[in-house]
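In: need coordinates for the following:
(chains A, B, C and D)
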There are 4 protein chains.
Amino acid sequence: MSSEALSRIRRDLHAHPERGWCEFRTSSLVADRLDELGFEVRVGPDVVDPTTEARRPEPAELERAAQRAVGEGADPDLVERMAGGLTGVVGSLERGGGPTVGVRVDMDALPVEEAQDDHLPADEGFRSTHAGEMHACAHDGHTAIGLGLAERVASDEGFDGTLKLFFQPAEEGLGGGRAMAAGGELDDVDAFVAIHLGLGVPTGTVVSGVEFLTAGAMDVTFGGRSAHAAAAPEEGASALHAAASATCAIQAIPRHSEGITRVNVGRLDAGTASNVIPERAVMEVEVRGESDALYEYARERAIRAIEGAAHTHGVSAEIERRARAVSVPHRPAFAERVAEVVSVIETVEHVESHRLVSGSEDACFLQRRVRDHGGEATYVVVGADLAGPHHAGTFDFDERALSIGVDALARVAREIASEGVEG
Amino acid sequence: MSSEALSRIRRDLHAHPERGWCEFRTSSLVADRLDELGFEVRVGPDVVDPTTEARRPEPAELERAAQRAVGEGADPDLVERMAGGLTGVVGSLERGGGPTVGVRVDMDALPVEEAQDDHLPADEGFRSTHAGEMHACAHDGHTAIGLGLAERVASDEGFDGTLKLFFQPAEEGLGGGRAMAAGGELDDVDAFVAIHLGLGVPTGTVVSGVEFLTAGAMDVTFGGRSAHAAAAPEEGASALHAAASATCAIQAIPRHSEGITRVNVGRLDAGTASNVIPERAVMEVEVRGESDALYEYARERAIRAIEGAAHTHGVSAEIERRARAVSVPHRPAFAERVAEVVSVIETVEHVESHRLVSGSEDACFLQRRVRDHGGEATYVVVGADLAGPHHAGTFDFDERALSIGVDALARVAREIASEGVEG
Amino acid sequence: MSSEALSRIRRDLHAHPERGWCEFRTSSLVADRLDELGFEVRVGPDVVDPTTEARRPEPAELERAAQRAVGEGADPDLVERMAGGLTGVVGSLERGGGPTVGVRVDMDALPVEEAQDDHLPADEGFRSTHAGEMHACAHDGHTAIGLGLAERVASDEGFDGTLKLFFQPAEEGLGGGRAMAAGGELDDVDAFVAIHLGLGVPTGTVVSGVEFLTAGAMDVTFGGRSAHAAAAPEEGASALHAAASATCAIQAIPRHSEGITRVNVGRLDAGTASNVIPERAVMEVEVRGESDALYEYARERAIRAIEGAAHTHGVSAEIERRARAVSVPHRPAFAERVAEVVSVIETVEHVESHRLVSGSEDACFLQRRVRDHGGEATYVVVGADLAGPHHAGTFDFDERALSIGVDALARVAREIASEGVEG
Amino acid sequence: MSSEALSRIRRDLHAHPERGWCEFRTSSLVADRLDELGFEVRVGPDVVDPTTEARRPEPAELERAAQRAVGEGADPDLVERMAGGLTGVVGSLERGGGPTVGVRVDMDALPVEEAQDDHLPADEGFRSTHAGEMHACAHDGHTAIGLGLAERVASDEGFDGTLKLFFQPAEEGLGGGRAMAAGGELDDVDAFVAIHLGLGVPTGTVVSGVEFLTAGAMDVTFGGRSAHAAAAPEEGASALHAAASATCAIQAIPRHSEGITRVNVGRLDAGTASNVIPERAVMEVEVRGESDALYEYARERAIRAIEGAAHTHGVSAEIERRARAVSVPHRPAFAERVAEVVSVIETVEHVESHRLVSGSEDACFLQRRVRDHGGEATYVVVGADLAGPHHAGTFDFDERALSIGVDALARVAREIASEGVEG
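Out: Now for the predicted structure:
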């Protein structure tokens, strides 16, 4: 696939972002294309387990998303097969007796309003057409790379193995990785690579052996007592005030000398009107750590902050945990093998085989599943210069990275198919 | 009207609460009934000025409310005449040459979820059928009293003047009083009474000459910078954190030794997801004071708190003010006249002619308009025992107060019509 | 005593302020003068009970204060008799068979640095000579009035009763009132008056029947864990941070619709150096309420705020309560009697017989003791225009009030002695 | 010197800790011993520049410290020569024509209360005899190593160069390093080593090439308005409340993805009494960063937090900066040379030649001075197992490290003297 074609696919996806578990149009487009290329395609409950811990939208929202997808060109039959938000596609192409190489890309967008000014997607006409949703983490590019790789390998006479492509839904803290891992399709994969664009790595550099932070989110609900704010302030117990106090305390969790920790209060919705003492506040908190121990340190302090604020303000606090991502231990051999293979590509100027990235990834669940079944797995960042930070409305990436990504993965797939996992 | 009939009307309204500027069903029902009773009826732009400072819902929400009202029995023609949220009804009944007596009741509900357990409206089957909306401030009762008064005076042969009833929309901080005052229908009123049930006054007591707090709300929007919470926390500027800090500071504005002040952060909506640093926070703040000076004291400190938090967190803050209500100077003579008239009613055990209530009321704008045109005006609280505080989901009032309210107002109307405003 | 003489005494005291339980020089001067005038004088353990709840300075500080007093003219014998901080003087003058009239004035200064510029005491040369101590609440004036009254009554041939003067130490939250009440000297008093200058009442006005707020202080000690702030922030638990959080929460205790409440974090000392995580923080908190119930409301919320902050930050919190002052029920008859007597004085332009002042007073303990033994008691404010607020470095009062105070009390004493307590 | 003798010296110093600029007894003891060993000794203004930015105690406190030192055995003449807090000693021993080797140790203690229970110094009888002061950062050990090295080299016939020992005062954020660097005695040093015990490195390991964080402290003074907390809360402006708000915001400065940052509010003193609104608050804040840019990031945010809190609470804020320590660029060659030399020592099990330690050090100023004059300089950590964290009351170190330190430095000195700086 030409770099123009890759860019076209990516820009179409960019203009039609879909949040996690709502990737009906994206999945439909992917499944159709894989089918055309001769892949055996599975979707919906065949590839994602509907019973794992996940955060799916309300049925009404799923329904609206499904209808929008159909209105924007999705295949109604496929959308029907993914009913209830079971988006996700696995495509398999068997070519000779070599090992099975698995590659995972993710497809979901974020609840971010895309920038309008000084922003290439706006200038070039592919800005998000969905208000309040945006591909602000390059998953549109990942999906395009996945389709580019499918085409490349399908037409690569020298590929002598099985390629299995995993188009994963709901990576952004919503449980997609867990659900796809539990789907079982990874169990026969011998060598597995998950990818990401950007993450601070410049165009032309490729890094394998990438490690992430352990991360978890908490949905906190404070329950207070409403009252007329002027007539009886003493009869109320402000859930909003409690949440504000908890926010100040959580953001101030001390740094840890042994490594990276992160804290964020990412959402707070509380109260209804200026003259009513708010009786309910809902808060989303996230903590991360370079190790499970550092994550636990931050999590335990966040819980104490929530409990302390609740006590102070005389409100209740319910904490629902969502384990988002765990660390996967670094295994140098396979990471170095991948780096070495990639290093010969012309457009790759620099390779590395180990790096800690201070984000988190639910590809961890897929990597672990592969390893549990005897396979090898690594995580690769394909460098891409960025116009704005990940998750910001100004985010955009250098599209030259799309070809580099396809080149790198195609090379890795062919090499492993020919030479075996251990080389 | 029997107390059973009053209760029936009130309970029907209670089951179908409508927020400010959305009182399509309520206004329709009122207009129809006044028309039946022989009143000359005016609605919509004839009685509320659409150009005054107000806080109307989005068009889509108004449209949904209008459709719901029609679905629940409102007259589609009347709803059409109130298009754009110009709810509000004025009914006028001329009977002889005496003075024009104006009475104002309000009709809007609150964004409060009604209680389910140990709550009479739930037990007796008239709990709100609109999720998240509730008559938690007795305006259902006020409207019922207004209709009861209409019927009573219409059949009172001894009434020798003009009765003008003002069914006001959007009292709860939304600008309805200002709009109805500007509508011009008050300019020929000689004596004016606005009423409220409850407010800490027990069933059997009636208080005239009630004064309220000066009050104002602010809509605050903090604008920060979003970023990936783990990958680049330093690139973000959390609007949520700024709003939380401002909340803590606003709630801590010092008391004032010269009188009552009130502060409340009543709503805060910020951020989108746990792993994104929130770039936008919207906050509703309210301050009140026993005098304009005390109100200004609190308001000025709240603004400083917002500015200080914005500076600390490197975010912008836009403050949009909504002046809610002002104090109306106490004029003892008319208040005492009303108290005296009311004191002879059998079910009234106790009367007072002056009290400060620590809430606010936009009837102030109507009272002031009447006085500016040479009329007299006072505010009357009809006592009612309460099951829970005003604005809380457990709020309910003693329905015996409905008849007392009708009796009191009918007596006042007849007396003034016969004896003149000054008695 | 001429108004010049009164002013001279007051200015001498003003220049030599002594904090609670350290009024060695003041007490010595008072005792000597009363003795000269023929009063029977008692000091130290004879008039203050050393066993009641009180807050005395450390022995070393008492010793320094005692030495300073001697250096500034106090009688060493008297200072010795007040060893351990048992300052306080009672003088008794028996003249005929009428009732015993008790009058109480207080003598202690505050830990406030006196203003230097645009400040009359500085301009006229009687600014405090004790760094960090100041008569910023007019107790210097009270003591001067007490001595003026002693002289006036001593030379008043028409006085036919017993005058008992109570010069009380340590009024400013330190337990002096409680100790003097327990001392027993009040038990034979038939009519009792305690006084204060200023408090928002202008020169020329005198108010009897003054009520105060119930008040209590808490000494809070947070205990955390110190650690190197850079090398191991996670090993520390900042007592300072916990105290800061508690401060923000205490200052934000909601107002109460039923009356006045007050909250203040008046002192916070925490930590030792910028690079050590603070393991200890000491905080002084005060809450007040218009009634015992309102006081309890505020106190209970303050305790919750302290506990919540301790939980959040993983530190311990010890709370030691000091009950400062309670409300004394208003008894109109005696208050009106006093107001009536005072109203005939030429320099008194206006009298009132009931007012709520939003401060607190430990004269409450003396008033209660008198009433418990069958006497009458009231509290009188002698109005005085002020240059700055009470407890501020800019505080100063109009010295014309000194003569008014002496006139008023002398008149009350003579009247009650002649006509009896009930008139 | 035997390890028993080293331990004896260290324990004597431990029992008599002296804070920065007050090391009169320590300096006196050091100067006397160096003199005995044949060193040329310089003290006071000859070795520390009194004009550099520094934080010296008040004269009265210096005087008390000097008297205490004399009372505990210091030589009065030496104490006199260090008047005004110019503690600090340089000893020089010339032996042949080789290079000049400089070694720096620091001598000051911390304002920390030493633990009593389960604490070896308490159990073995050398707990601090100075209440509130403690050697909680091993400077007692550093001084002992300096004296042990002096004795070892003095008796080492094979040493063929000049040894210059720098006993530095006031390392703990007080400006001692800057003052000693400016003193000029370093300008002829060819090779320089500064040392520290512990810092997370275990006994038996020695690390050269140690880098530290850039660090700076701020002394913040908030100026508000005092008022009577009950009578006129609106007239006050609480400096304490402002400082508490600033604390919460400073502790919550976001982490930076590019490296280590640190923040700490280490001291807060505010207010005077529970019933006075505090008009003054003094706060010590410290920020650090792995690079100057990260330090500036944290510093700029801390300043914004202080300014924001001041604005919110209507108080003034003065910020006085103290630059504590800067990073010194890593120069591998000399660090590796030192590591290599040390590696042959029997009791050293493990050496490293580069490490980042997340504390700060004002040895940076000495290292830089040496390099500016053409010399080489490195920082060495002599590993020591610890009983509690640095700067905590439970701190203690494994005394076996004392001999290791002397061995390592003696070996480095001899080797450089013989073979030259570059080996």
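
In: any idea how far A:Phe126 is from chain B?
Out: Shown here: A:Phe126 relative to chain B, a distance of 20 Å by CB to the nearest CB, to the nearest Å. From N, CA and C alone the C-beta is placed, and that goes for glycine too.

In: that residue - nearest residue in space that isn't next to it in sequence?
Out: A:Arg11 (3.9 Å; CB to CB, 6 or more residues apart in numbering or on different chains).

In: any residue of stretch A:364-381 up close to chain D?
Out: No: counting by CB under 8 Å from any CB of the partner chain, chain D has no neighbours in stretch A:364-381; the shortest distance is 14.8 Å.

In: buried sites along that stretch?
Out: Neighbour counts over stretch A:364-381 (16 or more other CB atoms under 10 Å in any protein chain shown) mark A:364-371, A:375-381 as buried.

In: and the residues you listed, which of them are in helices?
Out: The members of the buried residues of stretch A:364-381 that map onto helices under DSSP state H are A:Cys364, A:Phe365, A:Leu366, A:Gln367, A:Arg368, A:Arg369, A:Val370, A:Arg371.

In: dump the residues you listed to TSV, plus pLDDT and distance to chain C.
Out: Below are those laid out as TSV (pLDDT from 0 to 100; distance: CB to the nearest CB, whole Å):
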residue	pLDDT	distance to chain C
A:Cys364	93	25
A:Phe365	94	28
A:Leu366	96	32
A:Gln367	96	29
A:Arg368	93	28
A:Arg369	95	33
A:Val370	96	34
A:Arg371	95	31
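
In: go through those and name the one nearest A:Asp32.
Out: A:Asp32 has its nearest neighbour among those in A:Leu366, at 23.6 Å by CB to CB.

In: for chain C, see how far away the closest residue to that closest one other than its chain neighbours is.
Out: Spatially, and ignoring its direct neighbours in sequence, A:Leu366 is nearest to A:Ala181 (5.1 Å; CB to CB, 6+ apart). Relative to chain C, A:Ala181 is positioned 32 Å away (CB to the nearest CB).

In: wait, what's in contact with A:Ala181?
Out: Shown in contact with A:Ala181 (CB atoms under 8 Å, 6 or more residues apart in numbering or on different chains): A:Phe365, A:Leu366, A:Arg368, A:Arg369.

In: I figured A:Leu163 hits A:Gly98, correct?
Out: No: in this structure A:Leu163 lies outside contact range of A:Gly98 using CB atoms under 8 Å: 9.9 Å.

In: more neighbours: which of those two?
Out: Of the pair A:Leu163 and A:Gly98, A:Leu163 is the one with more neighbours under other CB atoms under 10 Å in any protein chain shown, namely 27 against 21.

In: so for whichever helix or strand the more buried one is part of, mean pLDDT?
Out: Assigning secondary structure by DSSP states H and E places A:Leu163 in strand A:162-168. Mean pLDDT, strand A:162-168: 98.

In: how far off centre is it?
Out: In terms of CA atoms, centre = their mean, to the nearest Å, the centre of strand A:162-168 is found 16 Å from the chain centre.

In: can you check stretch A:199-214 too?
Out: Offset of stretch A:199-214 from its chain centre (CA atoms, centre = their mean): 15 Å.

In: touching chain B at all, that stretch?
Out: Yes: Stretch A:199-214 reaches chain B (CB under 8 Å from any CB) through A:Leu199, A:Gly200, A:Leu213.

In: switch those residues over to JSON lines; also include neighbour count and pLDDT.
Out: Listed next are the residues of stretch A:199-214 next to chain B as JSON lines, based on neighbours: other CB atoms under 10 Å in any protein chain shown; pLDDT from 0 to 100:
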{"residue": "A:Leu199", "neighbour count": "23", "pLDDT": "93"}
{"residue": "A:Gly200", "neighbour count": "20", "pLDDT": "90"}
{"residue": "A:Leu213", "neighbour count": "27", "pLDDT": "91"}
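
In: that older thread, hang on, the residue nearest to A:Phe126 packs against A:Ser128?
Out: No: in this structure A:Arg11 lies outside contact range of A:Ser128 using CB under 8 Å: 11.0 Å.

In: show me which of the residues of stretch A:199-214 next to chain B neighbour chain D.
Out: Answer for the residues of stretch A:199-214 next to chain B near chain D (CB under 8 Å from any CB): A:Gly200.

In: quick one: which of the residues of stretch A:199-214 next to chain B is nearest chain C?
Out: Relative to chain C, the closest of the residues of stretch A:199-214 next to chain B is A:Leu213; by CB to the nearest CB it sits at 16.3 Å.
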